[in-house]
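S.K.: Fold the following for me, if possible:
(2 chains)
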Amino acid sequence: MADQFDLECRDVVKKFGQFTAVDQVSLTIPQGSFFSILGPSGCGKTTLLRMLAGFIEPTAGDILIKGKSVLGVAPNRRPVNMVFQHLALFPMMNVAQNVAYGLRRRGVGRATIDKKVAETLARVGLPDSGQKQISQLSGGQKQRIAIARCLVLEPAVLLLDEPLGALDLKLREHMKVELKQLQHEIGTTFVYITHDQSEALVMSDQVAVMNAGRFEQVGTPQELYYQPDTPFVAGFVGESNRWQGTFETVADGKAIIRLDSGGVIYTDPTQVTNPDLVAGQRMDVFVRPEAITIAAKGQGPVATSGLNAMQGRVENLLFNGAASSVQLRETTTGHEMNVALPQTGAFAGLRNGDELDLSWSAGQTKCFPNTKPAQADASGEAVA
Amino acid sequence: MKNASGSVAGGGLKLGVLLMATPLLLWLLLLVILPHLDLLMVSLRERISYGKYAFSFTNYIEFFTEPLYWNTYVRTATMSILATALTLVIGFPISYYIAKVMRGRGKSVLFLMCLIPFWVSELVRTFGWMILLRESGVISHFLQWAGLVDGPVEMLYNDVTIMVGLVYTSMLFMVVPLVSVLDSLDDSLIEAGYDLGGNAFTVTRDIVIPHAMPGIASGCIVVFMLTLGNYLTPNLLGGKSSLWFTEQIYTQFITRFNWESGSAFGFLLLVLSSLIVWLGLKLSRQTLSDTVG
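M.R.: As a prediction, the model looks like this:
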């Protein structure tokens, strides 16, 4: 059983004095997959990665690589390699020497080293750069050399610590695709940590969303986006409009939630993750901006138990090409909302102050019982 | 100077630069270049009779023909190189510890502890060593009290003591450049070294030392020059047997009142230090501008 997994963590805990950085994290990563750990800064993801690499020992729990516990094994003896946040290429060596470094430490013969270095450089698409100095490389090339330096050692697991953070936007978009392709070609297990949800969603087979030292949810990018398990995941992954309200009852197969600011929202009872809800339970309500359909005033559908409908006044147009959206203020409740504009350009003539009809189906609404109101508010601000 | 007046005509900016540099240029000219030119001229003359001098290489020939001078010269150079090497070997781990292992408060405290002895003059520090090491000193008394030795022990006036004194005197000038250069080494480079299979030895050899090379070179240059030109420490701790070249120069100028010979010796010391520093830079493949800048 265990040998199917390249990497396994069992109830790993790390405390720094009183502070618990990583709290009871368990994960299993199957061979050859791209696994991301996504979380806001300070959530403990770097600590977790450094424990996998061996720079920090966990306070409790066990880490297994290829089914063998690596507790107490020094970083230079673990079959994992790490691509550092700022890459940490050795400036005192040229590209080929950087890539050969790990092989030389293993005492591999010179001829084999030369052959493997050439192969690996070719694999990352930089076959002729061996004699270049590190300072002569562009950002994307450095990135690839840092990965090549690890891959040449054929590690069981490659750990990546937000390596795209320092690149500019265009290059970052490009490297995302390239990293995913590279991982697919070589089949090494990648563990990638990032605070950028788009990186995690685009590249990963599996994503773990981490918050305050714990895993909130582990799943495919689609699962995280469409079926978030916790309010934190719903708020952190993707954009969301959020309300707070009180659970009232279930009628016509729809749960009714009365908002604090007035009005009701209908949702499928299946979306209410806690099955034994009682009336009066505080709820967090999330709706994706792209789930909301807009229509000119008076032309939208009327609210039914299966359909939520509201009116809003345009406050701000946020033009961003295909990802354009509009900020509205809901007429009756005064709640601020963010709605994606259809990409057809149908509402290209929209002006500030225009009034719109908004609607979305009950099934598009996500609800979570709100047990800790203060914390939910804090994470809500992080989303905005 | 002709060059300088030429550049004045070149434009107002250059005049400004020249004015700014005037104090420095004056200082260099009056306190460094002129005295050295005079020293060179004095060293190249021979006193024939009262007030009469003639051009001659006598002073230099005397140096090369008299084994005492020649031996002292070589001995001073060797001891200085050894002292520099020892200072580096002792100073490097200390600097690494201060720059990379210690964090926050402890770091500044340790650094301050390296600095504090240098608030006292070198003379006082050397007398401190004498109080500890002399026949009737602290260590001798302690050893007798502990019953480890029968009679008083004299620990002054030998080469080991001179070396201890020189290394102690030079330590700060090695630690400061090393700490600053090691501070600039990104921790993740060291971690990457370990991550890729390196151990403490190979990471130090392949990553830490190459990065620290400019600091090592500048520390060594400063320490070597200070040691070579040191007068107090070898004289006080080594006594008559110290045979340090600066003592020979002192003797020529002050005791023998032979300025011609003293100037020649001074010049030879300058040549020696320049030559060894140049050689050291060549061997470590560093340039002076890398090291200083």
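
S.K.: how about the residue in the stretch 1-150 of chain B that chain A sits nearest to, secondary structure?
M.R.: Taking C-beta to the nearest C-beta as the measure, the point where the stretch 1-150 of chain B comes nearest chain A is B:R103, at 12.8 Å. Where you see a C-beta, it was placed from the backbone N, CA and C, and this is true even at glycine. Counting by DSSP: H, G, I helix; E, B strand; the rest coil, the backbone at B:R103 sits in coil.

S.K.: residue contacts, A:Q217?
M.R.: Taking C-beta atoms under 8 Å, 6 or more residues apart in numbering or on different chains as the definition of contact, the neighbours of A:Q217 are A:208-209, A:223-224, A:228-230, A:233.

S.K.: Just want the phi and psi numbers for it.
M.R.: Taking degrees, to the nearest 10, you get phi -160, psi 140 for the backbone angles of A:Q217.

S.K.: any idea of the pLDDT on it?
M.R.: Per-residue confidence at A:Q217 stands at 93 (pLDDT).

S.K.: Run through the bridge partners of it.
M.R.: When bridges are called by DSSP bridges, A:Q217 pairs up with A:V209.

S.K.: Relative to A:V233, how far out is it?
M.R.: Distance from A:Q217 to A:V233, counting by C-beta to C-beta, to the nearest Å: 5 Å.

S.K.: B:P152 now?
M.R.: Taking C-beta to C-beta as the measure, B:P152 falls 80 Å from A:V233.

S.K.: again with B:K107
M.R.: As it turns out, when the distance is counted by C-beta to C-beta, B:K107 lies 41 Å from A:V233.

S.K.: check contacts around A:L158.
M.R.: By C-beta under 8 Å, 6+ apart, the contact set of A:L158 is A:80-83, A:147, A:150-151, A:188-191.

S.K.: which of those residues has the most neighbours?
M.R.: Tallying neighbours with other C-beta atoms under 10 Å in any protein chain shown puts A:M82 at the head of the contacts of A:L158, with 30 neighbours.

S.K.: picking up where we left off before, can you pull the residues that touch both of A:Q217 and A:V233?
M.R.: Both A:Q217 and A:V233 are contacted by A:209, A:224, under the criterion C-beta under 8 Å, 6+ apart.

S.K.: Show me the shaky parts of the chain.
M.R.: As the question left the chain open, I've gone with chain A. Scanning chain A for pLDDT under 70 picks out A:1-4, A:270-276, A:371-384.

S.K.: oops, chain B please
M.R.: Of all residues in chain B, those with pLDDT under 70 make up the ranges B:1-12, B:292-293.

S.K.: interface residues of it facing chain A?
M.R.: Residues of chain B found near chain A (C-beta under 8 Å from any C-beta of the partner chain) are B:186, B:188-189, B:191-199, B:202, B:206-207, B:210-211.

S.K.: Out of the residues you listed, name the ones that lie in strands.
M.R.: Among the residues of chain B next to chain A, DSSP state E puts none in strands.

S.K.: can you tell me which of those are in helices?
M.R.: B:188-189, B:191-195, B:202, B:210-211 (DSSP state H).

S.K.: Surely B:L132 touches B:F142?
M.R.: No. Distance between B:L132 and B:F142: 9.7 Å, which falls outside the contact criterion (C-beta atoms under 8 Å).

S.K.: List only buried entries from the ones in helices among the residues of chain B next to chain A.
M.R.: B:188-189, B:191-195, B:202, B:211 (16 or more other C-beta atoms under 10 Å in any protein chain shown).

S.K.: Out of the residues you listed, which is nearest to B:L112?
M.R.: Of all these, the one sitting nearest B:L112 is B:H211; the distance, using C-beta to C-beta, is 25.0 Å.

S.K.: What is the neighbour count of the nearest residue to that closest one once chain neighbours are set aside?
M.R.: Distances taken as C-beta to C-beta, 6 or more residues apart in numbering or on different chains put B:L185 closest to B:H211, at 4.9 Å, once the chain neighbours are dropped. Residue crowding around B:L185 was assessed by other C-beta under 10 Å; the count is 17.

S.K.: in the helix ranked longest in chain A, what's buried?
M.R.: Ranked by residue count and defined by DSSP H, the top helix of chain A is helix A:169-186. For helix A:169-186, the buried set under the neighbour-count rule, 16+ other C-beta under 10 Å, comprises A:171-172, A:175-176, A:178-180, A:182-183, A:186.

S.K.: same check, this time on stretch A:85-96
M.R.: Going by neighbour count (16+ other C-beta under 10 Å), the buried part of stretch A:85-96 is A:85, A:87-90, A:92-96.

S.K.: Let's have those residues in a markdown table, adding distance to A:T246 and secondary structure.
M.R.: Converted to a markdown table, these look like this (distance: C-beta to C-beta, whole Å; DSSP: H, G, I helix; E, B strand; the rest coil):
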| residue | distance to A:T246 | secondary structure |
| --- | --- | --- |
| A:Q85 | 44 | coil |
| A:L87 | 51 | strand |
| A:A88 | 52 | coil |
| A:L89 | 56 | coil |
| A:F90 | 60 | coil |
| A:M92 | 64 | coil |
| A:M93 | 64 | coil |
| A:N94 | 66 | strand |
| A:V95 | 62 | helix |
| A:A96 | 66 | helix |
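
S.K.: I'd like to know which of these is nearest to A:T304.
M.R.: Minimum distance to A:T304 across the buried residues of stretch A:85-96 is 51.1 Å, recorded for A:Q85 (C-beta to C-beta).

S.K.: What about the spatially closest residue to that closest one that is not a sequence neighbour, how many residues nearby?
M.R.: Once flanking residues are discounted, A:Q85 sits nearest to A:D161: 4.6 Å by C-beta to C-beta, 6+ apart. The burial count assigned to A:D161 is 22, neighbours taken as other C-beta under 10 Å.

S.K.: again, but for A:T112
M.R.: Number of residues near A:T112 (other C-beta under 10 Å) recorded here: 10.

S.K.: B:L19 now?
M.R.: Applying the criterion other C-beta under 10 Å, we find 10 residues in the vicinity of B:L19.

S.K.: how about it, phi and psi?
M.R.: Dihedral pair for B:L19: phi -60, psi -40, per degrees, to the nearest 10.

S.K.: do you know how far it is from B:L25?
M.R.: Note on B:L19: its distance to B:L25, by C-beta to C-beta, is 10 Å.

S.K.: B:Q144 now?
M.R.: Using C-beta to C-beta, we find B:Q144 at a distance of 60 Å from B:L25.

S.K.: How about B:H36: what's its closest non-neighbour residue?
M.R.: Nearest residue to B:H36, sequence neighbours excluded (C-beta to C-beta, 6+ apart): B:L270, at 7.7 Å.
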